[in-house]
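Peer 1: compute the structure for the input listed below.
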Amino acid sequence: MKIGFLGAHNTESRDSRLVSLLIDDVLALDAGGLTSSLTLEQQLRLKAVLLTHCHYDHIRDIPLIAMNLFLSQAAIDVYSIPSVGDALAGCLLNGELYNRFMESPKGKETIRFHTIEPYKEIQIEGYGVLPLPVVHSVPAVGYRVTSSDGRSIFYTGDTGPGLAHLWRFVSPQLIVIEVTAPNRYRQFGIEKCHLTPGLLKEELLGFREVKGYLPDVLTVHMNPELEAEIESELSGVAKELGNSITLAYEGRQVDL
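Peer 2: Residues are numbered from 1 along each chain as shown. Next comes the predicted model:
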C-alpha cells in the first residue's frame, strides 16, 4: 500500500495544503488538496473518495474535481455519512454555488454518492473499508483501510479526545491522526474536538493498553504557524512512548 500526503494542514498557503491522502493513486481520503496536488491525468485515475465529515476543508475539492471529470465524461464514487451527502448536495453542488454534479436526468451523475454506516465494513476498489465514528464538533468518521495483503491504515480525520471505543476495531501498521495545535491549546482542543500532543499521548496510551503495541504514527491537520511548537512537543511524546511519531507534509510518501 502506497500512501501519499497531498495535503497535511488545516489552512492553505503557498507552502501548505488542506488535508488529503491518496492510496495507491486510486483511493483518496478527504478532499482538501486533491485538485491542487494532482494533474488532470492523475485525477482521472482516481476511483473513489472517502470523506470523513462535512467541514469545508475536507470536502472543498469535490466540486472542482467534479468539473474536471465532467468535461472528460468521467465519474467518481464518493463515500461518507448522510450529513456529508446533505452538505454536498445542499450547499456546494446545489446549482447555485456550483453545478448539480450529484444529479443527472440520465442517471449518469459525475459524483456518485454512497451513504456508509459506521461499524459496517464495505469493499471499495479491492480495499476493505471500515468507517468508525470519531469525536468531533459535527458527525464524523475515521476509516480503517485494509489492503488485499492484510496491511492496514487507520485515518481519523478530525477528532478530539475519547477514542478508546475504537481501538478494539483496529490493529493497523500506521495511524494517521490529527494534531491541530500545541499543548497550550489543550482546553481549546477539548472544547472544539481537536488534539494536541499531550492529548494524543493519552489516546496512544489507551491504544497500547488495549492492543499491547503501538503502530507508527503520522500527524496531519497541523496549523502551519504553530507547527514548530507542535513538532517539538510531539518529539517529546515520541521519546516518552518509545515510538515513531512524526509530522506528515505535502509530498510525503509512505510504503506500508
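
Peer 1: could you use CA atoms for every contact and neighbour count after this?
Peer 2: OK.

Peer 1: quick one: Asp77 from Leu69, how far?
Peer 2: Per Cα to Cα, to the nearest Å, Asp77 is found 12 Å from Leu69.

Peer 1: Asp86 falls within a strand, correct?
Peer 2: No: counting by DSSP: H, G, I helix; E, B strand; the rest coil, Asp86 is not part of a strand but helix.

Peer 1: when you give positions from now on, start the count at 25
Peer 2: From this message on, residue numbering opens at 25, which makes the last subject Asp110.

Peer 1: burial count for it?
Peer 2: Residues contacting Asp110 under the criterion other Cα atoms under 10 Å number 13.

Peer 1: for it, give its distance to Leu53.
Peer 2: From Asp110 over to Leu53 the distance is 19 Å, taken as Cα to Cα.

Peer 1: likewise for Gly222?
Peer 2: For Gly222 relative to Leu53 (Cα to Cα), the value is 25 Å.

Peer 1: and those two? which has more neighbours close in?
Peer 2: Leu53 (25 against 17).

Peer 1: contacts only, for Thr139.
Peer 2: Taking Cα atoms under 8 Å, 6 or more residues apart in numbering, we find Thr139 in contact with 103-106, 109.

Peer 1: just the ones in strands from those residues, please.
Peer 2: The strands, defined by DSSP state E, take in 103-104 from these.

Peer 1: ok, which pair from the contacts of Thr139 is furthest apart?
Peer 2: Farthest-apart pair in these is Tyr103 and Pro106; separation 9.4 Å (Cα to Cα).

Peer 1: need the residues touching each of those two.
Peer 2: Common neighbours of Tyr103 and Pro106 (Cα under 8 Å, 6+ apart) are 139-140.

Peer 1: higher neighbour count, those two?
Peer 2: Tyr103 (23 against 16).

Peer 1: so the more buried one makes contact with Pro142?
Peer 2: No: under the criterion of Cα atoms under 8 Å, Tyr103 makes no contact with Pro142, lying 11.8 Å away.

Peer 1: so where's this structure shaky on pLDDT?
Peer 2: Along the chain, the model assigns pLDDT under 70 to residues 129-131.

Peer 1: name the element Phe178 belongs to?
Peer 2: Using DSSP states H and E, Phe178 sits in strand 176-179.

Peer 1: partners of that strand in the sheet?
Peer 2: strand 165-170 (antiparallel), strand 198-202 (parallel) (DSSP bridges).

Peer 1: contacts for the shortest one, please.
Peer 2: By that I understand strand 198-202. Applying Cα under 8 Å, 6+ apart, the contact partners of strand 198-202 are 176-183, 218-219, 239-246, 280.

Peer 1: got it, and stretch 235-248?
Peer 2: Under Cα under 8 Å, 6+ apart, the answer for stretch 235-248 is 32-35, 40, 42-43, 182, 191-192, 195-205, 228, 231-232, 254, 267-273.

Peer 1: before we move on, the earlier item: for Tyr103 and Pro142, list the residues in contact with both.
Peer 2: Counting by Cα under 8 Å, 6+ apart, Tyr103 and Pro142 have no common neighbour.

Peer 1: which residues are in contact with Val234?
Peer 2: Per Cα under 8 Å, 6+ apart, neighbours of Val234: 191-192.

Peer 1: in this structure, which spans are strands?
Peer 2: 26-31, 44-47, 51-53, 72-74, 100-104, 135-139, 146-148, 151-157, 165-170, 176-179, 198-202, 240-244, 269-271, 277-279.

Peer 1: only the buried residues of stretch 214-233, if you could.
Peer 2: The neighbour-count check on stretch 214-233 (16 or more other Cα atoms under 10 Å) flags 214, 217-225, 227-231 as buried.

Peer 1: likewise stretch 103-112?
Peer 2: For stretch 103-112, the neighbour count (16+ other Cα under 10 Å) marks 103-106, 108-109, 111-112 as buried.

Peer 1: does Arg124 touch Leu112 like I think?
Peer 2: No: using Cα under 8 Å, Arg124 is not in contact with Leu112, being 9.3 Å away.
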